[in-house]
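Novice: Requesting a structural model of the entry that follows:
(2 chains, ligands or ions: 8)
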Amino acid sequence: MSQSCLPVNAKMSKAKKVLDEARETQNRELDLVDKGISSFEELPGLFNMSYITRLTLSHNKITMISPGIANLLNLEILNLSNNGLRELPVSLSSMPKLRILNVSLNRLDSLPRGFGAFPVLEVLDLSYNNLNENVLPGNFFMIETLRALYLGDNDFEHIPRELGNLKNLQILGLRDNDLLDLPREIGELTRLRELHIQNNRLQVLPPEVGNLDLLGSKSVMKMEENPWVVPIQEQYLLGISHVIEYIKTETYKILYNRHIKSERGPPPPKADKSKKASRVRA
Amino acid sequence: MSSKMEIVQAADMSLAAMHCARCADGFEPNEKIVNSNGELWHTQCFVCAQCFRPFEDGIFYEFEGRKYCERDFHVLFAPCCNKCGEFVIGRVIKAMGASWHPQCFRCQMCAKELADTGFIRNQNRALCHECNAKVKAEITGRYMCHKCHGVIDDAPLRFRGEVYHGYHFNCTSCGVELDSTAREVKSRPGLTANDMNELYCLRCHDKMGIPICGACRRPIEERVVTALGKHWHVEHFVCAKCEKPFLGHRHYEKRGLAYCETHYHQLFGNLCFVCNQVIAGDVFTALNKAWCVHHFACSICDMKMTQKSKFYEYDEKPVCKKCYERFPNELRQRLRKAHEMSMKKNF
Ligand SMILES: [Zn+2]
Ligand SMILES: [Zn+2]
Ligand SMILES: [Zn+2]
Ligand SMILES: [Zn+2]
Ligand SMILES: [Zn+2]
Ligand SMILES: [Zn+2]
Ligand SMILES: [Zn+2]
Ligand SMILES: [Zn+2]
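Specialist: Ligands and ions are numbered 1, 2, ... in the order given. Predicted coordinates for the structure are as follows:
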């Protein structure tokens, strides 16, 4: 890694130089990617640049976001992918123009209370963290403006039925979790056209998934690597459209109801996740 | 058939003459008694003949004088679908020596449902009428002339719904002997019955100036729609996506195809994935999404990309090579494995 060869003050001046330049040109989009930044203190005056609309801080070593970030009243896009974030300040959710928040590839194992208060958030990427249903704040599924929610590579076993509130959701990423079931309310997401549920512990799909438009020319349904019941697996081998047609049938509804009532134990957890970078102690 | 039971109090009836339909013993005063269609039972005797458990919600099924709970009745007596192996509840299709769900009994060539259209048994396969005809034609490989019943070696002449040797007919106008290029013309526009149709050679037909439909290649005698530089039967000018005829409704053209309003917007009314605005200028499309020129960028570092930039797919979003290489090793390994699996499946 090249930046580790630079002395600390050189790293700081690198980030500072970008800030100075941006101030001079009144550039409203700030790129601070891979600058070896570990704290917002290395970015003096940033929070006074309230005119900026995008702040990209990917590939740094930031472990905490200063609550002062909420001063960036015009910020629409905040990208903190691949840092060392362990928590987020609740002040983020009060940012009036924030539409896209990417905190993927971090070390989050909880979200702050009241996190779901974003007024205009459209895309939320929380993939590759250590989140599960027990650490979601109560208002998480109140972000009605969400178009895309990425929760892949986390530790969810269940998704709360309040998911059905996200009426504008078009993309739901749940890949590589420990999901044992999906809520039937997923059928209420009438605008959904991407569903990623590959690599979970799912055996059945709610029949309501058949109501969704997952077969259109712009739709995506990824469901491989799950311990599906035999009839679903058989249809899956023929193609996704066969799965969707099959789960609409009365036969499947009977099978589904029997399955969820039966007291069979859940399928075993998948391979251990201790090697995930979000877990490894820095 | 499922039935319901009723519980009564023994005191309501004269006890002496009554006995349990199962064990034949009498009843205690004030004992709860089950009354089902006039027969009486001890509550502990009114149970499933198979599992000896009481009936859930009092619902049971009777077969040959015995009563069964719903579960056991299905296991023991409901027919099993020969395709999916599940019980058939409701309409049962009995065919090919087995039972089927209506939606499981399908043509073995085209998978069309056969329950309502009927089927033909062909070499132990259930086929729809169309597929059966196709199979028959393939076996013989050739057509048979409807007039002389001889084999037609070259292309057949189609006339009034049958096939013929061309040389049996002459052009209605010039009298020349015809071949397969002859045109069948409805002699009276609007007439559906085709026994008034006439045959013309190609030259005479062209002189008549009858437009040809761009879809079915047959002449158009009724209303002509002109669009996309071609002529169409009204019912053959359809949306390229949903195949519904426009019937005079507005259509939208794109790359030589026509679409209804709904499907044009669905397919081409692109919204940028980042700014969520309708894209006025150039459109970048990839991974089932669209981007405006300003916003097509790596989803991890926001670095701008062009249509030529190489990128990796991650959660159906583009990731630049630099960012992909900075992903944790174990993640890259899993992504590579998933990619290989999907290639294998598509193959
Ligand atoms: Zn029973
Ligand atoms: Zn069946
Ligand atoms: Zn067929
Ligand atoms: Zn002939
Ligand atoms: Zn036509
Ligand atoms: Zn259409
Ligand atoms: Zn855009
Ligand atoms: Zn990148």
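Novice: how about the helices in chain B?
Specialist: Under the criterion DSSP state H, chain B contains helices at B:70-77, B:129-140, B:202-208, B:261-268, B:321-326, B:329-346.
Novice: I'd like the distance between the closest residue to residue B:252 other than its chain neighbours and ligand 8.
Specialist: Of all residues not flanking residue B:252 in the chain, residue B:264 sits nearest, at 3.9 Å (CB to CB, 6 or more residues apart in numbering or on different chains). For the C-beta atoms, the positions are set from N, CA and C on the backbone; glycine is no exception. Between residue B:264 and ligand 8 the distance is 34 Å, computed by CB to the ion, to the nearest Å.
Novice: Throw the helices of chain B into JSON lines and include mean pLDDT, distance to residue A:61 and mean neighbour count, thanks.
Specialist: Putting the helices of chain B into JSON lines (pLDDT from 0 to 100; distance: least, CB to CB, whole Å; neighbours: other CB atoms under 10 Å in any protein chain shown) gives the following:
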{"stretch": "helix B:70-77", "mean pLDDT": "80", "distance to residue A:61": "59", "mean neighbour count": "16"}
{"stretch": "helix B:129-140", "mean pLDDT": "72", "distance to residue A:61": "65", "mean neighbour count": "13"}
{"stretch": "helix B:202-208", "mean pLDDT": "81", "distance to residue A:61": "78", "mean neighbour count": "14"}
{"stretch": "helix B:261-268", "mean pLDDT": "73", "distance to residue A:61": "44", "mean neighbour count": "16"}
{"stretch": "helix B:321-326", "mean pLDDT": "96", "distance to residue A:61": "13", "mean neighbour count": "16"}
{"stretch": "helix B:329-346", "mean pLDDT": "84", "distance to residue A:61": "18", "mean neighbour count": "12"}
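Novice: Out of these, the one nearest ligand 6 is which?
Specialist: helix B:261-268 (3.6 Å; CB to the ion).
Novice: name the helices or strands packed onto the closest one?
Specialist: strand B:252-254 (3 or more CB pairs under 8 Å, 6 or more residues apart in numbering or on different chains; DSSP states H and E).
Novice: what about residue A:251, distance to residue B:60?
Specialist: Residue A:251 sits 23 Å away from residue B:60, going by CB to CB, to the nearest Å.
Novice: more neighbours, these two?
Specialist: Using other CB atoms under 10 Å in any protein chain shown, the more surrounded residue of residue A:251 and residue B:60 is residue B:60, with 25 against 22.
Novice: Report the beta-bridge partners for that one.
Specialist: Note on residue B:60: beta-bridge partners by DSSP bridges are residue B:3.
Novice: That one contacts residue B:68, doesn't it?
Specialist: Yes: between residue B:60 and residue B:68 there is a contact at 6.4 Å, judged by CB atoms under 8 Å.
Novice: Overlap of the contact sets of these two?
Specialist: Jointly contacting residue B:60 and residue B:68 under the rule CB atoms under 8 Å, 6 or more residues apart in numbering or on different chains are residue B:48.
Novice: Would you list the phi and psi of the residue in the stretch 1-150 of chain A that ligand 3 sits nearest to?
Specialist: Using CB to the ion, residue A:148 is the residue of the stretch 1-150 of chain A that sits closest to ligand 3, at 41.0 Å. Dihedral angles of residue A:148 (phi, psi; degrees, to the nearest 10) stand at phi -140, psi 130.
Novice: Can you tell me how far it is from residue A:202?
Specialist: Look at residue A:148 and residue A:202: by CB to CB, they are 21 Å apart.
Novice: how close does the residue in the stretch 151-282 of chain A that ligand 5 sits nearest to get to residue B:268?
Specialist: Ranked by CB to the ion, the top residue of the stretch 151-282 of chain A for proximity to ligand 5 is residue A:217, at 25.7 Å. According to CB to CB, residue A:217 and residue B:268 sit 11 Å apart.
Novice: Could you do residue A:84 as well?
Specialist: From residue A:84 to residue B:268 the distance is 43 Å (CB to CB).
Novice: residues in contact with residue B:155?
Specialist: B:179-180 are the contacts of residue B:155 under CB under 8 Å, 6+ apart.
Novice: for residue B:200, same thing?
Specialist: Residue B:200 is in contact with B:171-173, B:182-183, B:185, B:208, counting by CB under 8 Å, 6+ apart.
Novice: Now residue A:156: closest residue in space that isn't a chain neighbour?
Specialist: Closest residue to residue A:156 apart from its sequence neighbours, by CB to CB, 6+ apart: residue A:177 at 4.3 Å.
Novice: Which strands and helices lie in contact with the helix or strand of chain A with the lowest mean pLDDT?
Specialist: When each helix and strand of chain A is scored by mean pLDDT, DSSP states H and E, helix A:8-25 comes last, with a mean of 75. Counting contacts by 3+ CB pairs under 8 Å, 6+ apart, helix A:8-25 is packed against strand A:29-31.
Novice: picking that back up, need the nearest residue in space to the residue of the stretch 151-282 of chain A closest to ligand 5, chain neighbours excluded.
Specialist: Residue nearest to residue A:217 in three dimensions, not counting chain neighbours: residue B:267, with 6.3 Å by CB to CB, 6+ apart.
Novice: and residue A:234, that one's in a helix?
Specialist: Yes: assessed by DSSP: H, G, I helix; E, B strand; the rest coil, residue A:234 belongs to a helix.
Novice: State the distance from it to ligand 4.
Specialist: 50 Å.
Novice: Check residue A:226 too.
Specialist: For residue A:226, the distance to ligand 4 (CB to the ion) stands at 61 Å.
Novice: Also residue A:264?
Specialist: Note on residue A:264: its distance to ligand 4, by CB to the ion, is 68 Å.
Novice: and if you look at residue A:31?
Specialist: Note on residue A:31: its distance to ligand 4, by CB to the ion, is 79 Å.
Novice: again with residue B:51
Specialist: The gap separating residue B:51 from ligand 4 is 71 Å, by CB to the ion.
Novice: so what's the nearest residue to that residue once chain neighbours are set aside up against?
Specialist: Excluding its sequence neighbours, the residue lying closest to residue B:51 (CB to CB, 6+ apart) is residue B:72, at 5.7 Å. Residues near residue B:72 by CB under 8 Å, 6+ apart: B:48-51.
Novice: filter those to the buried ones?
Specialist: Neighbour counting over the contacts of residue B:72 (16 or more other CB atoms under 10 Å in any protein chain shown) leaves B:48-49 as the buried ones.
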